[in-house]
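Enquirer: Sequence below, structure please.
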Amino acid sequence: MKFSSLCAATLLGVTSLLTFPAQARDDGRYANSPLKPWFESLHSEFGQCCTDADGYVIADVDWESDRGRYRVRIDDEWVVVPDGAVITVPNKIGRTMVWKHYIDGHPRVRCFMPGSMT
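Expert: Got it, this is the predicted structure:
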């Protein structure tokens, strides 16, 4: 009986860890990057985009543009990028990046920086 209680408690603990979204944070990997101040200055109408450690590179096949509107595929779900989330400063790294968050379990875009699509 104790073994089954221990297994149930362990399973409950692991399940609870998996249900809470992980918060991205700067863990110091990019402290000496010459682009760190630039990344930290990026913001959209939804707030600061944070740092490179918080952004995710999006492959060219996972984003598209149609008449000035963008869509990105995040976690196998196509998400429309709000106009206010688009970063309009020149892209110093050339790669498409997205800063995401979740609402009701679905990804949303806080910041989006289009790349060169080459």
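Enquirer: what's around Val80, how many residues?
Expert: Val80 is flanked by 12 other residues according to other CB atoms under 10 Å. All C-beta spots, glycine's among them, are computed from the backbone N, C-alpha and C.
Enquirer: hang on, it packs against Arg73?
Expert: No: in this structure Val80 lies outside contact range of Arg73 using CB atoms under 8 Å: 11.4 Å.
Enquirer: Could you point out the helix or strand that follows the helix or strand bottoming out on mean pLDDT in the chain?
Expert: Between all helices and strands in the chain, the lowest mean by mean pLDDT, DSSP states H and E belongs to helix 2-19, at a mean of 39. Toward the C-terminal end, the helix or strand that comes next after helix 2-19 (DSSP states H and E) is helix 36-41.
Enquirer: Give me the neighbour count for Lys92.
Expert: By other CB under 10 Å, 12 other residues sit near Lys92.
Enquirer: Next one: it from Phe39, what distance?
Expert: According to CB to CB, to the nearest Å, Lys92 stands 9 Å off from Phe39.
Enquirer: now swap in Cys111 and tell me
Expert: Using CB to CB, we find Cys111 at a distance of 11 Å from Phe39.
Enquirer: Now for the two: what residues contact both?
Expert: Common neighbours of Cys111 and Phe39 are listed as Cys49, Gly55 (criterion: CB atoms under 8 Å, 6 or more residues apart in numbering).
Enquirer: Of the two, which one has the most company?
Expert: Between Cys111 and Phe39, Cys111 has the larger neighbour count (other CB under 10 Å), namely 25 against 22.
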